[in-house]
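In: what's the 3D shape of this:
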Amino acid sequence: MLMQVMIILGSKSDTPVSEKAESILDELGVEYEIFIASAHRTPDRVKELVEASDAKVFLAIAGMSAALPGVVASHTLKPVIGVPVSGKLNMDAMLSILQMPPGIPVGTVGLDNGKNAALLACEILALTDKELEGKLREYRKRMQEKVLSDSESLASK
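Out: Numbering: from 1, shown residues only. I've put the predicted structure just below:
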């Protein structure tokens, strides 16, 4: 299967957030690659990774100034989903990804929400992949069933 998602972390400390994304991609059978490349410390590596990739969607996970998603987006016309990572500068990370200048959009999910980033990437891919669309429908059905089960167990107390 063709690699569909590239995950780029700004640093190794972002791994706990990427693991959330990886678990969803694994569960739904979506091929991905993962790299560490800093927007500030290794900008040439970021550019090389993005320009050489055949990925259809990029996940860029970064904290602090969180420039990585914007830098990734500057090197591709493909969708980029930014995941701000919590730390001492939560608001800075969120706004760095959310407040992109006109013309270079980056999709943004919540703080540390690698899971939603992966799900959004899968929804984008499912536009042209009916099998993946079916897997997403089943995933949502399982979520619904869990909520209903939780409600029933609470009501029985």
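In: so which strand or helix has the residue nearest the centre of the chain?
Out: Closest residue to the average C-alpha location of the chain: A117 at 3.2 Å, with C-alpha atoms, centre = their mean. In the assignment (DSSP states H and E), A117 maps to helix 114-125.
In: can you point out the buried residues in that helix?
Out: Burial within helix 114-125, assessed by neighbour count using 16 or more other C-beta atoms under 10 Å, is assigned to 114-122, 124-125. The way it works is simple: take the backbone N, C-alpha and C, and place the C-beta from them, glycine included.
In: what's the offset of the top helix by length along the chain from the middle of its chain?
Out: In the chain, taking DSSP state H as the definition, the longest helix is helix 130-155. Taking C-alpha atoms, centre = their mean, to the nearest Å, one finds the center of helix 130-155 at 21 Å from the center of the full chain.
In: so which elements touch it?
Out: helix 15-28, helix 114-125 (3 or more C-beta pairs under 8 Å, 6 or more residues apart in numbering; DSSP states H and E).
In: mind putting these into TSV with distance to L59 and mean pLDDT?
Out: Output for the helices and strands packed on helix 130-155, formatted as TSV (distance: least, C-beta to C-beta, whole Å; pLDDT from 0 to 100):
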stretch	distance to L59	mean pLDDT
helix 15-28	6	98
helix 114-125	5	98
